[in-house]
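K.L.:
Sequence first, then the predicted structure, then my questions.
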Amino acid sequence: MSEEKRKIVYSALKPTGDLQLGNYIGALRNMVAMQEEFDCIYTVADMHSLTVDVVPAELRRRSYDFMAVFLAIGLDPERSVLFVQSHVPAHAELTWILNCNTMMGEANRMTQFKDKSKKAGKAGINVGLFDYPVLMASDILLYNADLVPIGKDQQQHLELARTIAERFNGRYSPTFTVPEGYYGNKRTSKIYSLTDPTAKMGKTDSNAGGVIFLLDKPEDIMRKFARAVTDSGNEVRAGADKPGITNLLNIWSVMTGKSVAEGEKEFAGANYETFKRSVGEAVVEHLRPVREKYSEYIRDKGELERIMREGADKAARIARRTLSKVYRKVGFVTL
């Protein structure tokens with residue numbers, strides 16, 4: 001009896017800011033776990049970074065950093081395809097074909113473009129910001145991904161990728177796998193800023209004091225938790241009326257592997273200072289092996305580039321097969 005074919009997962013992180021605890025809890029940990037069940041393709045999405053102003057040297061540094069963190073957290077280049085997006089030209093090539101199979105009305109409806117363009121102002125809007133959902137569709141469809149881990153903010157973009165795939169398949173003949181969203185562990189808590197527990201912790205947050213970056217020094221982590229916003233009263237418990245303490249309990253829970261209820265019991269009677277110090281210590285210890293392995297990888301750029309090159313070669317072989325098929329179907333002369 002033949003072994004059941006494993007589903008393909010595609011996921012990408014954009015190196016527009018340093019990776020932080022919210023990325024780790026919401027995405028990176030799940031990416032590691034998914035290697036057990038799926039054939040995974042993971043990308044440092046540097047091409048997507050160009051939709052906003054970016055310092056070239058910072059983009060280059062973060063691309064190395066992201067790949068080193070991928071490896072440090074346990075993504076295995078022997079089991080998964082790990083690569084930098086710009087190393088596989090087929091992403092840009094397929095985007096043009098998909099642009100010609102995407103309706104203006106569909107692209108105009110993307111709410112993220114509307115939100116980001118409002119923040120940027122007319123002078124700061126480029127065509128790439130408008131078109132990047134089509135590049136995202138190319139990223140996914142090139143590899144015939146079955147599943148795409150996404151959050152709510154990316155659901156509309158995945159629906160566009162599905163629409164484009166179905167339209168192309170209907171117009172020319174079945175070519176692309178129509179991807180599904182993968183929502184993973186629904187019990188995973190969203191992590192909020194330490195300085196504003198009503199706002200999501202983000203790698204481009206303007207207030208770095210509210211963000212725990214994966215590569216922060218232990219003393220910086222402890223300082224940020226010491227200054228974390230709490231709530232009125234002195235009880236360590238989760239609840240809608242205590243967003244600051246709830247956020248800290250959720251972080252402690254993930255870092256220790258214990259439940260929030262266990263945390264409430266463990267810190268019953270403790271003052272907020274003691275509680276915040278314990279959360280900081282749990283984060284420091286959990287991230288220690290990640291920082292140590294990252295340091296090993298980032299010191300050896302040659303080895304890091306070898307892994308990038310091998311990953312890009314694997315990705316390019318898959319992508320080129322898909323692109324060649326697409327070129328033939330749309331009528332290009334293929335040599």
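P.N.:
Sure thing, it's come through. Residues are numbered from 1 along each chain as shown.
K.L.:
how about the nearest residue to Asp216 once chain neighbours are set aside, secondary structure?
P.N.:
Once flanking residues are discounted, Asp216 sits nearest to Lys224: 7.5 Å by C-beta to C-beta, 6 or more residues apart in numbering. C-beta coordinates here come from the backbone N, C-alpha and C atoms, glycine included. What DSSP: H, G, I helix; E, B strand; the rest coil gives for Lys224 is helix.
K.L.:
OK, contacts around Lys224?
P.N.:
Counting by C-beta atoms under 8 Å, 6 or more residues apart in numbering, Lys224 touches Leu194, Gly209, Gly210, Val211, Ile212, Asp216, Gly280.
K.L.:
Name the nearest of the residues you listed relative to Gln112.
P.N.:
For the contacts of Lys224, the minimum distance to Gln112 (C-beta to C-beta) is 21.1 Å, reached by Val211.
K.L.:
want to throw the contacts of Lys224 into CSV with secondary structure and pLDDT?
P.N.:
Below are those laid out as CSV (DSSP: H, G, I helix; E, B strand; the rest coil; pLDDT from 0 to 100):
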residue, secondary structure, pLDDT
Leu194, coil, 96
Gly209, helix, 88
Gly210, helix, 93
Val211, coil, 95
Ile212, coil, 96
Asp216, coil, 96
Gly280, helix, 97
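K.L.:
Apply the buried test to these and list what passes.
P.N.:
Buried by 16 or more other C-beta atoms under 10 Å: Leu194, Gly210, Val211, Ile212, Asp216, Gly280, out of the contacts of Lys224.
K.L.:
Next, find the distance separating the first one from Ile318.
P.N.:
Same thing as Leu194. In this structure, Leu194 and Ile318 are separated by 41 Å, where distance is defined by C-beta to C-beta, to the nearest Å.
K.L.:
Please apply the same query to the third one.
P.N.:
Here the distance between Val211 and Ile318 works out to 35 Å (C-beta to C-beta).
K.L.:
re the thing from before, where does the residue nearest to Asp216 land on pLDDT?
P.N.:
According to the per-residue confidence, Lys224 scores 97 in pLDDT.
K.L.:
Any idea how far apart the tips of stretch 192-207 sit?
P.N.:
Its start and end residues considered, stretch 192-207 measures 12 Å (C-alpha to C-alpha, to the nearest Å).
K.L.:
buried set for stretch 253-272?
P.N.:
Of all the residues in stretch 253-272, those buried under the rule 16+ other C-beta under 10 Å are Ser253, Val254, Met255, Thr256, Val260, Gly263, Glu264, Phe267, Tyr272.
K.L.:
Extract the C-alpha set from it and format it as PDB.
P.N.:
C-alpha atoms of stretch 253-272 as PDB (Å, rounded to 0.1, in the frame of the first residue of the first chain):
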ATOM      1  CA  SER A 253       2.100  30.200  29.800                       C
ATOM      2  CA  VAL A 254       3.700  29.700  26.300                       C
ATOM      3  CA  MET A 255       7.300  30.100  27.700                       C
ATOM      4  CA  THR A 256       6.800  27.600  30.500                       C
ATOM      5  CA  GLY A 257       4.300  25.200  28.900                       C
ATOM      6  CA  LYS A 258       2.000  25.600  31.800                       C
ATOM      7  CA  SER A 259      -1.600  26.800  31.600                       C
ATOM      8  CA  VAL A 260      -2.800  30.300  32.500                       C
ATOM      9  CA  ALA A 261      -4.800  28.800  35.300                       C
ATOM     10  CA  GLU A 262      -1.600  27.300  36.700                       C
ATOM     11  CA  GLY A 263       0.000  30.700  36.500                       C
ATOM     12  CA  GLU A 264      -2.900  32.300  38.400                       C
ATOM     13  CA  LYS A 265      -2.400  29.700  41.200                       C
ATOM     14  CA  GLU A 266       1.400  30.000  41.200                       C
ATOM     15  CA  PHE A 267       1.300  33.800  41.500                       C
ATOM     16  CA  ALA A 268      -1.600  34.100  43.900                       C
ATOM     17  CA  GLY A 269      -0.600  36.600  46.500                       C
ATOM     18  CA  ALA A 270       2.500  37.700  44.500                       C
ATOM     19  CA  ASN A 271       2.900  41.400  43.800                       C
ATOM     20  CA  TYR A 272       3.200  42.700  40.200                       C
END
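K.L.:
Which secondary structure element is home to Val279?
P.N.:
Using DSSP states H and E, Val279 falls within helix 272-299.
K.L.:
so what secondary structure elements neighbour that helix?
P.N.:
On a contact count with 3 or more C-beta pairs under 8 Å, 6 or more residues apart in numbering; DSSP states H and E, helix 272-299 meets helix 56-73, helix 218-226, helix 243-256, helix 301-330.
K.L.:
elements contacting whichever helix or strand comes after the third one?
P.N.:
Meaning helix 243-256. Once helix 243-256 ends, the next helix or strand along the chain (criterion: DSSP H and E) is helix 260-266. Applying 3+ C-beta pairs under 8 Å, 6+ apart, one finds that helix 260-266 makes contact with helix 243-256.
K.L.:
contact partners of the helix it packs on?
P.N.:
Applying C-beta under 8 Å, 6+ apart, the external contacts of helix 243-256 come out as 21, 25, 188-189, 191-192, 194, 197-198, 225, 228-231, 235-240, 258-260, 262-264, 272, 275-276, 278-279, 282-283, 285-286.
K.L.:
now swap in stretch 259-267 and tell me
P.N.:
Stretch 259-267 is contacted by residues Val236, Arg237, Ala238, Leu249, Asn250, Trp252, Ser253, Thr256, Lys258, Thr274, Phe275, Ser278 when judged by C-beta under 8 Å, 6+ apart.
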